[in-house]
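**Student:** Any chance you could fold what I've pasted below:
(chains A and B)
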Amino acid sequence: DTAVSQTPKYLVTQMGNDKSIKCEQNLGHDTMYWYKQDSKKFLKIMFSYNNKELIINETVPNRFSPKSPDKAHLNLHINSLELGDSAVYFCASSPRPGRGGSGNTIYFGEGSWLTVV
Amino acid sequence: GENVGLHLPTLSVQEGDNSIINCAYSNSASDYFIWYKQESGKGPQFIIDIRSNMDKRQGQRVTVLLNKTVKHLSLQIAATQPGDSAVYFCAEKGMDSSYKLIFGSGTRLLVRP
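**Tutor:** Alright, predicted model coming up:
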């Protein structure tokens, strides 16, 4: 009963291709996120959705397009993949947006390792 | 730029010893801080959090200390175990970006048996 699940876990693809990473959470949370972790382990937020509505877009290239069909799913589609897109992409969710506090922990998925060749 | 600063060092400790992992942040407006643990091949896992109106919070074998004067956060792990080996991140949420968690660059903890 994985809380935040994302697929695929590993993805190797050629430059210029279009790919998607899917994410689902079964925690009943309202807020979902995509984070990118580079080769130096630096984690940076890309997008956040609250109840299917985009609330954060961290100046990510428009080749990256998140889609939230319902509040339990947040998929990430990437067009025209570039070498620099190689990274680990983490989906995450939290009960609600807003500042932290008891119970508003962000839970992460296991990550999707994207390698662009 | 990002507000939370750790250059990715490695901390090596003997099993059973206490570990202290440090983090500096620059945004004095941040009011909530979290420590995450990331094991190899896995996603970050919540360890403990602290609000800015506190200076210490204890969990099971872990303690977080917050010094707002010097904008410093630390994670203390008591009786470090091999299973504690991982990369540890501090993260902050600012009052001006209530939805955004900003991560530091992490510290690798290696536990020697």
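
**Student:** Close to chain B: what parts of chain A are there?
**Tutor:** For chain A, the residues in contact with chain B (C-beta under 8 Å from any C-beta of the partner chain) are A:4, A:31, A:33, A:40-45, A:48, A:50, A:55-56, A:58, A:90, A:92, A:97-101, A:105-111. All C-beta spots, glycine's among them, are computed from the backbone N, C-alpha and C.

**Student:** Strands of chain A, start to end?
**Tutor:** Along chain A, counting by DSSP state E, strands occupy A:4-7, A:10-13, A:19-25, A:31-37, A:43-50, A:53-57, A:64-70, A:73-78, A:87-94, A:107-108, A:112-116.

**Student:** whoops, chain B was the one
**Tutor:** Under DSSP E, chain B gives strands at B:4-5, B:10-14, B:19-25, B:30-38, B:45-51, B:56-58, B:62-67, B:72-77, B:86-94, B:97-103, B:107-112.

**Student:** List the strands paired with the second one, with their directions.
**Tutor:** Paired neighbours of strand B:10-14 in the sheet (DSSP bridges): strand B:107-112 (parallel).

**Student:** between the partner strand and strand B:19-25, how many degrees?
**Tutor:** 170 degrees (axes from the mean of the first three to the mean of the last three C-alpha atoms, to 10 degrees).

**Student:** Can you verify my assumption that residue B:105 contacts residue A:40?
**Tutor:** Yes - using C-beta atoms under 8 Å, residue B:105 makes contact with residue A:40 at a distance of 6.7 Å.

**Student:** ok, what's across the strand from residue B:65?
**Tutor:** residue B:56, residue B:74.

**Student:** quick one: pLDDT of it?
**Tutor:** Per-residue pLDDT puts residue B:65 at 97.

**Student:** Then residue B:99?
**Tutor:** In this prediction, residue B:99 carries a pLDDT score of 65.
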